[in-house]
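**Q** quick one: sequence plus predicted model below, questions after.
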Amino acid sequence: MQIDIFTVLLSGLLVRTVLAVLFLVFWIKDRRAVWFAWWSATFFLADFAALFLIVFGVSASFISLGATTAVVLAVFACCWQGARTFEGRRPIWFPIWAAPAVWLGACLTPGFLDNTGYRVFLSSLLLAPLIGMTAFEFWRGRQEYLPSRWLIIVLFASLAAVFALRLPFAGIWPFPFGAQQIELSWVASFNLILILHTVALAVLFVAISRERLAREQHLKAQTDLLTGALNRRAFMNYSERMMSRQRTAGEALCLLVIDIDRFKALNDRFGHFGGDDILTKFVVVARGNLRPGDLLFRIGGDEFCCVLPDTNSAQARLVAERVRRRFEDAEIEVAGTPVKVTVSVGIASSENFGYAIDVLMQRADRAVYDAKNRGRNRVEVALDEDAADDAPAISPA
C-alpha cells in the first residue's frame, strides 16, 4: 500500500500542534518545569518544517529543503536543551542558531542544493550529534531512578542511529534515507518514523515528569522539615535495602554516626532558633563534602548518620574526617555572634560487625561515645574487640 506523503505530513502537523499546546499549558501551570517550554517550542518548530514541505513540496530549493532542514536542526537543538533543563543543567543557546546557520551557509554555496549527496552528508553530520546529545543528557541523570528514562534514551539513540546510518548508506538508499533518486514513498516512511518517535517521546516526557513528581513527594514525606536531611523513617527504609544489596554483592559498607559537640549548651545559650541554625548549617556543610551516592539522615535531635555503600573503614574515615574538618572550619554565626562548633563521628563497618543495621548503629554510637570521651571533635572507628561488650552506649553532649 502506497503511503501518501501529504497525509503523513498533515497528520504529523495536527499531532504536533496538539502536543505543543499541551506542553505549553503544562509549563504555564508549573513555571519550574522549564523543560516543557523547550519541548513545546520543539513541536511548534517541527510544525513550521512540515508546513514548508506541505506548501512548497519536496524540491532542491532553498525554501523547501534549505529552510526546512534549518528548522529541523533548530527542532532537535531545542529538544536537547529541554533534556538539559530537565536534568537541572543550563541550556546552551549556541547550537540552536549555530547548526541552522552552518546549514543555511552551505545552502548558499553554488551547487550544494543540487547535490543530494552533499545535503545528506551535512544534514546527517549535524543532526546525529544533536539527537545523540539528547540521549546522553538523559543518560547522565541515570542516578535519579525514573523508569521512563531508559525508553527515552533508547528512542533518541535509535533516532540518532537512523541519521548516522545515512552517512555510509547514502549511495544505496533513496532520499531522504540516502542520496539516491528521491522516492515519495521513502519520504513518507521517513516522516512516519519521525511521527511515531514524536508521539512515543511525548508520552514518555509526560510520564517521566510525573515519575519525578511522585518521587519528590515520596522524598518529601521522608525529609526532615527543619534541615532538609532525610529523616529516621527514610533511614530505616534505605538502610535495610542497602544492607541486603551489599550482603548479596559481598561488598563492604560503613555506617557513620555524627553528633554535634556540646549541642545542649549551645541550644541553652542561643535558644532553639540558634540551635536550629547550627543544625541547618551542619547539613549544608556535610552534604557539600559527602560523595554523590552518600545520603545524610537526621535520626533525632543533634544526631545524624550516613550509610556509605562500597566503602571500607579506611575510606569511611577519610569521608568522616573531611566532614569534620570542613564543619570545624565553617563560619557559623548565631544571633550575630560567631560560633565555633565541632562534631564527633563514630564509624562501624560491615567488615567487622556484619550487615545488621541495629548492630552497626550500636557500634557506631559507641564509637561516638569514645570520640567524646577522648576530647570531642574527632573520628573514631569501632574495632572488633568492641563486639564483646554488649552494654548500650549513651553519647554525652
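**A** Good, I have the coordinates.

**Q** okay, domains of this structure per the record?
**A** Per the record's domain assignment (automatic domain parsing), the chain is made up of the domains 5-220, 232-388.

**Q** what's the closest of the ones you listed to residue 226?
**A** Each of the domains of the chain was scored for nearness to residue 226 using CB to CB, and the closest is domain 232-388 (5.9 Å). Every residue, glycine included, has its C-beta placed from N, CA and C.

**Q** quick one, strands of this protein?
**A** Listed in chain order, the strands of the chain (DSSP state E) span residues 253-260, 295-300, 303-309, 332-334, 337-339, 343-349, 379-381.

**Q** can I get these in CSV with mean neighbour count?
**A** Compiled in CSV, these are given as follows (neighbours: other CB atoms under 10 Å):
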stretch, mean neighbour count
strand 253-260, 27
strand 295-300, 20
strand 303-309, 23
strand 332-334, 15
strand 337-339, 12
strand 343-349, 27
strand 379-381, 22
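
**Q** can you lay out the domains of the chain as JSON lines showing distance to residue 226?
**A** As requested, the domains of the chain are arranged in JSON lines below (distance: least, CB to CB, whole Å):
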{"stretch": "domain 5-220", "distance to residue 226": "14"}
{"stretch": "domain 232-388", "distance to residue 226": "6"}
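
**Q** now those domains in JSON lines, with mean pLDDT?
**A** Formatted as JSON lines, those follow (pLDDT from 0 to 100):
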{"stretch": "domain 5-220", "mean pLDDT": "88"}
{"stretch": "domain 232-388", "mean pLDDT": "90"}
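
**Q** now do the contacts for residue 93.
**A** Each residue near residue 93 by CB atoms under 8 Å, 6 or more residues apart in numbering is listed here: residue 81.

**Q** quick one: which of the strands of the chain is nearest residue 169?
**A** strand 303-309 (45.7 Å).

**Q** okay, the angle between that closest one and strand 253-260?
**A** Inter-element angle recorded for strand 303-309 and strand 253-260: 160 degrees (by axes from the mean of the first three to the mean of the last three CA atoms, to 10 degrees).

**Q** can you give the contact residues for strand 303-309?
**A** Contacts with strand 303-309, where a contact means CB under 8 Å, 6+ apart, come from 229, 235, 238-239, 242, 245-246, 251, 253-259, 282-283, 286, 290-291, 293-299, 315-316, 319, 361, 364, 395.

**Q** cool, and stretch 166-180?
**A** The contact list for stretch 166-180, computed with CB under 8 Å, 6+ apart, reads 116-117, 119-121, 124-125, 128, 181-183, 186-187, 190.

**Q** which among the residues you listed gets closest to residue 36?
**A** The shortest approach to residue 36 among the contacts of stretch 166-180 belongs to residue 128, at 25.5 Å (CB to CB).

**Q** picking up where we left off before, to residue 194, which of the strands of the chain lies closest?
**A** Among the strands of the chain, the nearest to residue 194 by CB to CB is strand 295-300 (41.3 Å).

**Q** so which elements touch that closest one?
**A** For strand 295-300, the packing partners by 3 or more CB pairs under 8 Å, 6 or more residues apart in numbering; DSSP states H and E come out as helix 232-249, helix 263-289, strand 303-309.

**Q** in its sheet, which strands sit next to the shortest one, and in what direction?
**A** Translated: strand 303-309. Based on DSSP bridges, the pairing partners of strand 303-309 within the sheet are strand 253-260 (antiparallel), strand 295-300 (antiparallel).

**Q** right, and these - which one's nearest residue 96?
**A** Taking CB to CB as the criterion, strand 295-300 is the member of these that comes nearest to residue 96, at 36.9 Å.

**Q** how near is residue 163 to residue 127?
**A** Residue 163 is 5 Å from residue 127, where distance means CB to CB, to the nearest Å.

**Q** the two: which has the busier surroundings?
**A** More neighbours surround residue 127 than the other of residue 163 and residue 127, with 24 against 21 (other CB atoms under 10 Å).

**Q** correct me, but the more buried one touches residue 162?
**A** No: Residue 127 is not in contact with residue 162 according to CB atoms under 8 Å; the separation is 9.3 Å.

**Q** next, count neighbours for residue 111.
**A** Using other CB under 10 Å, residue 111 has 7 other residues around it.

**Q** no further questions, thank you.
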